[in-house]
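Chemist: this one's sequence-less:
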C-alpha cells in the first residue's frame with residue numbers, strides 16, 4: 001500500500017489538467033482606449049488603433065455622451081441621457097473609459113479590424129458589450145442592433161426597441177464563429193430605424209479568443225506515475 005500516496009498525487013495531477021486553458025485575446029484595442037486624438041468621429045477627428053471605419057461612427061469618452069458629446073464632420077454630437085433631459089442615467093460601459101457609438105440609419109459602414117492567428121476549422125468566440133441610444137435634438141421611438149461578422153459569417157444581436165429619448169443600459173453578448181482562414185476581418189455594423197430620428201448602437205469591451213485544448217500531456221504523465229507506482233508496489237510485495 002506504500003504506492004497509495006503517489007497514486008493520489010498522480011490522480012490529482014490528472015484531474016487539474018482536464019479543463020481547457022483560457023484562449024489568448026486576438027483583438028487589438030477592444031476597449032477603444034488607444035486613439036490618436038481622443039474622442040471624435042472615426043477616421044475623421046480621431047483614429048482608434050487597430051480599427052477602421054468610414055461611416056457615421058464616433059468614439060466617446062466616459063461621461064461625455066450626454067454632456068460634452070463628441071465632434072464630427074457635421075458638428076458636435078451627443079446622446080440622450082439624464083444630464084440633457086433624457087429619460088435615463090447614461091451609464092459608463094462595464095469596461096469604463098471610451099466606447100463607440102454608430103448611427104444605424106445614416107452613412108452606415110462597419111467598424112472593423114483584421115484578426116490574425118486564427119485556426120482554420122476552430123471556434124473563434126467574440127464577446128462584447130453593447131447598448132442602444134438616440135441622438136439628442138430628436139424624438140421618436142427607435143430600434144438598434146449590431147451585425148457582427150467574421151469573414152463571410154454574420155450573426156446579429158436581437159433588435160432592441162428603444163423608447164424616445166432613452167438609453168437601454170449595457171448588454172453583454174458572445175458569438176462563436178468557425179474560422180475559415182488564419183486571417184479574417186472582424187466587423188461590427190450598426191443597423192437601426194428610422195432614419196431621421198437617429199438610432200445609435202453603442203459598443204465596447206470587444207474580445208476574441210480561440211479556445212485552447214486541454215493539456216492531455218499532463219494527464220498522461222499523471223497516469224504514467226500511477227503505472228510506475230503500481231509496478232513498484234508489486235516488486236515490493238514479491239521481495240517481501
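Modeler: Thanks, I have the structure now. Worth saying up front: this structure is predicted, and the values here are computed from it rather than measured. Numbers count the residues shown, from 1 in each chain.

Chemist: chain center to the strand or helix carrying residue 207: distance?
Modeler: Applying DSSP states H and E as the criterion places residue 207 in strand 199-209. The chain centroid and the centroid of strand 199-209 are separated by 6 Å under CA atoms, centre = their mean, to the nearest Å.

Chemist: elements contacting it?
Modeler: strand 99-103, strand 123-134, strand 142-150, strand 183-193 (3 or more CB pairs under 8 Å, 6 or more residues apart in numbering; DSSP states H and E). For the C-beta atoms, the positions are set from N, CA and C on the backbone; glycine is no exception.

Chemist: quick one: strands adjacent to the last one?
Modeler: Applying DSSP bridges to the sheet, strand 183-193 is found paired with strand 111-116 (antiparallel), strand 142-150 (antiparallel).

Chemist: what's the angle from it to strand 99-103?
Modeler: Relative orientation of strand 183-193 versus strand 99-103 (axes from the mean of the first three to the mean of the last three CA atoms, to 10 degrees): 60 degrees.

Chemist: pLDDT on strand 183-193, on average?
Modeler: The average pLDDT within strand 183-193 is 98.

Chemist: could you give the angle of that strand to strand 123-134?
Modeler: 30 degrees.

Chemist: got it, and the shortest one?
Modeler: Between the direction of strand 99-103 and that of strand 123-134, the angle (the same axes, to 10 degrees) works out to 70 degrees.

Chemist: from the chain's centroid, how far away is strand 99-103?
Modeler: That offset, for strand 99-103, works out to 15 Å (CA atoms, centre = their mean).

Chemist: note down every partner strand of it and its orientation.
Modeler: According to DSSP bridges, strand 99-103 has these partners: strand 57-60 (antiparallel), strand 199-209 (antiparallel).

Chemist: out of the ones you listed, which one sits most buried?
Modeler: Each of the strands paired with strand 99-103 was scored by mean neighbour count; the highest is strand 57-60, a mean of 28, by mean count of other CB atoms under 10 Å.

Chemist: list the helices and strands the next helix or strand after that one packs on?
Modeler: For strand 57-60, the succeeding helix or strand toward the C-terminus, using DSSP H and E, is strand 70-72. Counting contacts by 3+ CB pairs under 8 Å, 6+ apart, strand 70-72 packs against strand 40-41, strand 57-60, strand 75-77.

Chemist: export those as JSON lines, with columns for distance to residue 191 and mean pLDDT.
Modeler: Shown next, in JSON lines, are these (distance: least, CB to CB, whole Å; pLDDT from 0 to 100):
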{"stretch": "strand 40-41", "distance to residue 191": "19", "mean pLDDT": "97"}
{"stretch": "strand 57-60", "distance to residue 191": "13", "mean pLDDT": "98"}
{"stretch": "strand 75-77", "distance to residue 191": "19", "mean pLDDT": "96"}
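
Chemist: which among these is found nearest to residue 105?
Modeler: Among the helices and strands packed on strand 70-72, strand 57-60 comes nearest to residue 105, with 12.5 Å by CB to CB.

Chemist: contacts for the closest one, please.
Modeler: 32, 35, 38-42, 46, 48, 69-70, 72, 77, 79, 98-103, 109, 111, 190 (CB atoms under 8 Å, 6 or more residues apart in numbering).

Chemist: out of those, which are buried?
Modeler: The neighbour-count test (16 or more other CB atoms under 10 Å) applied to these identifies 32, 35, 39-42, 46, 48, 69-70, 72, 77, 79, 98-103, 109, 111, 190 as buried.

Chemist: Provide a list of residues in contact with the residue nearest to residue 151 when sequence neighbours are not counted.
Modeler: Spatially, and ignoring its direct neighbours in sequence, residue 151 is nearest to residue 184 (4.1 Å; CB to CB, 6 or more residues apart in numbering). Counting by CB under 8 Å, 6+ apart, residue 184 touches 114, 115, 118, 150, 151.
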